[in-house]
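[1] Could you look at this predicted model? Sequence included:
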Amino acid sequence: MARNTSPEASLLPPRPTRIAAAEVPKAALASPTVVGAVIVAILYFGREIFIPIAIAVLLSFVLGPLVNLLRRINLGRLLSVGIAVMATLGIVAALTTLIGVQLADLARDVPRYRATIEHKFEGLRDSPIGQATSYVANIGRAIHQAGSSTEEGSAKVPPAGTNTDRKPVLVEVKERQPGPIEMAGTVLSPVLHPLATAGIVFVVLLFILMQREDLRDRMIRLAGSNDLHRTTVAMDDAARRLSRYFLVQLALNASFGLVVGIGLYLIGVPNPVLWGIFSALMRFVPYAGAFLSALFPLALAAAVEPGWNMMIGTAILFLLLEPIVGQFVEPLLYGQSTGLSPFAVLVSALFWTWLWGPIGLLLSTPLTVCLVVLGRHVDKLEFLDVLFGDQPALTPVENFYQRILADDPEEVQEHADLILQECSLSAYYDEVVVRGLELAARDAARGVLTPEQKTDIRASLTGLIEELAERADETPERPDQDGGRLVKDSASTDPVCGRMPIDSGTAGSEALPAPWRQEGAVLCVSGRGFVDEAAAAILAQLLTRRGIGARVVGFSDLARSRIENFDPGPARMICIISLAISGEPTHLRNLVGRLKKRIPQVRIAAGLWRADDEIVADVSQQAAIGADAHVTSLRSAVEEVLTTMRDDAARSGVTGPVGSRAGQRGA
């Protein structure tokens with residue numbers, strides 16, 4: 001049950017914004033804690049009732065498809081449920097009888113197995129290992145005898161005044177012979193509890209299968225009846241997923257037990273049917289199940305044969321079979337994962353074992369899977385998916401920002417390499433880096449970033465951009481999985497990863513007009529935000545990769561006192577990048593005014609990348625800035641530059657790839 005570590009699992013739609021822990025009132029935190037403690041106490045003290053109910057619920061998911069199949073052939077609900085439950089009861093009774101017969105047969109041969117083990121130990125005593133062990137044991141025995149002789153010497157002298165003539169009195173205790181009723185109770189008590197539990201399981205199972213629709217309606221009411229369509233679809237989907245998972249798990253474990261039984265029979269291990277059933281059951285136990293399923297057959301193989309061939313053959317069987325099933329068959333059938341993180345599997349095993357004992361250990365993974373599926377479909381239970389699911393708690397954007405905030409350049413680079421296995425470079429910049437810079441700009445506007453943190457963030461961004469300078473901007477070839485969707489553009493429903501990189505149809509740099517190939521043909525001007533210069537550097541890198549000469553210009557270089565001394569060079573277009581818009585964009589309006597006055601013939605595009613800012617959607621506020629065009633992403637900024645270049649080439653009479661609108665906008 002390996003965890004899904006593919007990029008598809010790590011790049012998920014953003015989770016809803018949550019309130020910081022410091023902002024949550026203490027009463028709001030105390031109330032769920034008290035409720036959780038009460039629920040755990042109820043489950044613990046009421047385990048005699050809740051264990052059969054849990055088993056019945058899990059069996060209902062397994063038998064649900066069979067009941068539906070029988071109902072589709074017009075057998076009726078009552079008859080369909082009766083046939084399914086009676087068949088299950090017959091299988092359980094047959095397996096129980098078979099296990100009992102096998103255990104009785106095994107118990108008869110215990111003396112012979114004991115003699116074989118003793119003979120093997122005697123043979124080990126003559127080996128070098130046995131001689132070394134005997135030598136160590138003799139040393140310990142000599143030390144113990146020396147201490148015992150000292151104690152005996154002191155015990156021989158009786159204390160003064162002690163009467164040594166008193167003789168011990170022998171007392172004989174005879175137990176009363178139990179009566180018939182007591183004898184019957186002693187014999188039947190180990191059997192009555194399992195029978196009572198089985199009876200409760202099948203009664204509850206009958207009720208659940210007969211009242212499935214009513215129970216579903218009640219769950220819908222508890223989960224939220226405001227949106228009946230969404231809740232009903234979610235519940236039906238959860239039931240189908242759980243039924244399919246438990247059926248596949250049951251079939252896989254039964255097949256594993258069958259193969260183990262056949263293999264042990266061929267090897268010659270006694271009672272192969274017992275160990276096949278035992279191995280199938282142990283497959284439900286996380287982590288320890290594989291070890292336990294092999295431990296007892298190995299011990300029996302060592303006790304049966306005087307040599308070691310049978311034990312070695314048994315070990316080879318489990319060492320070959322377990323990895324094949326765990327690493328190849330299970331991922332193929334389960335779709336890479338059970339939906340649980342490895343940590344959740346371990347914690348759930350410990351929790352349910354503490355709560356319900358060995359039965360809890362067997363039920364730990366199925367019960368936790370049920371909770372995680374409910375958490376994914378029911379908003380009120382989403383915390384279960386966050387705690388136990390294999391989906392990452394943070395989105396790729398949040399992961400990126402957390403790493404640069406923690407000043408961890410290596411982790412930033414590893415995160416980029418992981419996403420770039422599925423995305424083009426421009427898609428990664430647009431959908432992860434720029435969105436992460438927005439988070440940094442928000443924190444800076446709130447005043448929560450220290451000057452040292454800002455310096456570290458700028459250094460991490462500079463290092464990342466330099467590391468990615470030589471990486472090709474192309475989408476890696478891969479099979480389409482889950483629609484090819486890894487990250488989704490916040491402004492559209494088109495998948496980002498898997499689509500073509502920006503301007504993939506553009507010809508090489510030799511086809512571009514000469515004025516646009518000069519360094520500084522496009523001036524990427526950063527706003528006054530502390531991350532704006534990094535965003536401008538990213539845009540310049542993407543333009544340079546397409547053969548367009550680009551230069552990054554800082555906001556301070558275009559201040560009112562320095563604008564007259566600024567050398568625009570061969571500038572053909574200006575792109576202003578700002579992620580720190582807040583309220584009236586006065587500084588941008590003034591910057592555009594200074595640039596128009598200094599370079600009046602150059603087209604200016606303003607990149608406003610705060611997706612939640614009013615100015616992004618407000619045409620009047622955009623017009624007040626005075627720019628010739630407005631862009632809200634790297635992609636639109638690059639396409640705006642290409643459009644301007646195409647128009648400039650058309651006015652200059654240049655033909656070819658640059659003059660083709662389809663070639664420029666094909667991306």
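    Perfect, thanks for sending it. Residues are numbered from 1 along each chain as shown.
[2] Phi first, then psi, for His630.
    Dihedral angles of His630 (phi, psi; degrees, to the nearest 10) stand at phi -130, psi 130.
[3] got the contact list for it?
    If you count contacts by C-beta atoms under 8 Å, 6 or more residues apart in numbering, His630 has them with 605-608, 622. All C-beta spots, glycine's among them, are computed from the backbone N, C-alpha and C.
[4] residue ranges of the helices in the stretch 401-550 of the chain, please?
    409-420, 425-428, 434-446, 451-467, 514-517, 532-545 (DSSP state H, counting those that start in this stretch).
[5] So which of the contacts of His630 is the closest to Lys380?
    Leu608 (37.5 Å; C-beta to C-beta).
[6] Can you check the pLDDT for that closest one?
    Per-residue confidence for Leu608 comes out at a pLDDT of 70.
[7] Glu470 too?
    Per-residue confidence (pLDDT) for Glu470: 81.
[8] Could you check how far it is from Leu425?
    Separation of Glu470 from Leu425 (C-beta to C-beta, to the nearest Å) stands at 10 Å.
[9] These two: who's more crowded?
    Set Glu470 next to Leu425 and count neighbours by other C-beta atoms under 10 Å: Leu425 wins out with 24 against 7.
[10] Need the phi and psi values for the closest residue in space to that one that isn't next to it in sequence.
    Sequence neighbours aside, Asp473 is the residue nearest to Leu425 in space, at 4.2 Å (criterion: C-beta to C-beta, 6 or more residues apart in numbering). Per-residue torsions, Asp473: phi -90, psi 80 (degrees, to the nearest 10).
[11] and if you look at Val552?
    The phi/psi pair for Val552 (degrees, to the nearest 10) is phi -90, psi 130.
[12] these two touch, right, it and Ala540?
    Yes. Using C-beta atoms under 8 Å, Val552 is in contact with Ala540, at 5.1 Å.
[13] Spit out the residues that contact those two alike.
    Cys524.
[14] mind giving me CSV with the contacts of His630 and columns for secondary structure and distance to Arg572?
    Listed next are those as CSV, based on DSSP: H, G, I helix; E, B strand; the rest coil; distance: C-beta to C-beta, whole Å:
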residue, secondary structure, distance to Arg572
Ala605, strand, 12
Ala606, strand, 17
Gly607, strand, 17
Leu608, strand, 22
Gln622, helix, 22
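[15] for this protein, what spans make up the strands?
    522-526, 550-553, 573-578, 603-608, 629-631 (DSSP state E).
[16] Count the residues that sit near the residue nearest to Leu425.
    20.
[17] repeat for Thr96
    13.
[18] cool, and Ala302?
    When neighbours are counted by other C-beta under 10 Å, Ala302 registers 18.
[19] can you pull the contacts of the nearest residue to it once chain neighbours are set aside?
    Of all residues not flanking Ala302 in the chain, Met311 sits nearest, at 4.6 Å (C-beta to C-beta, 6+ apart). Met311 sits next to 298, 301-302, 305 when contact means C-beta under 8 Å, 6+ apart.
[20] Val38 now?
    So Val38 contacts nothing (C-beta under 8 Å, 6+ apart).
[21] Starting from Val386, give me the distance back to it.
    Distance from Val38 to Val386, counting by C-beta to C-beta: 22 Å.
[22] so how many other residues sit close to the residue nearest to Arg589 when sequence neighbours are not counted?
    Distance criterion C-beta to C-beta, 6+ apart; nearest residue to Arg589, sequence neighbours excluded, is Ile625 at 5.1 Å. Look at Ile625: counted by other C-beta under 10 Å, it has 22 neighbours.
[23] what do you get for Val373?
    By other C-beta under 10 Å, the residues close to Val373 number 22.
[24] Check Glu410 too.
    Other residues close to Glu410 by other C-beta under 10 Å number 9.
[25] same question, the one 4 residues further on
    Residue neighbour count, defined by other C-beta under 10 Å, stands at 11 for Glu414.
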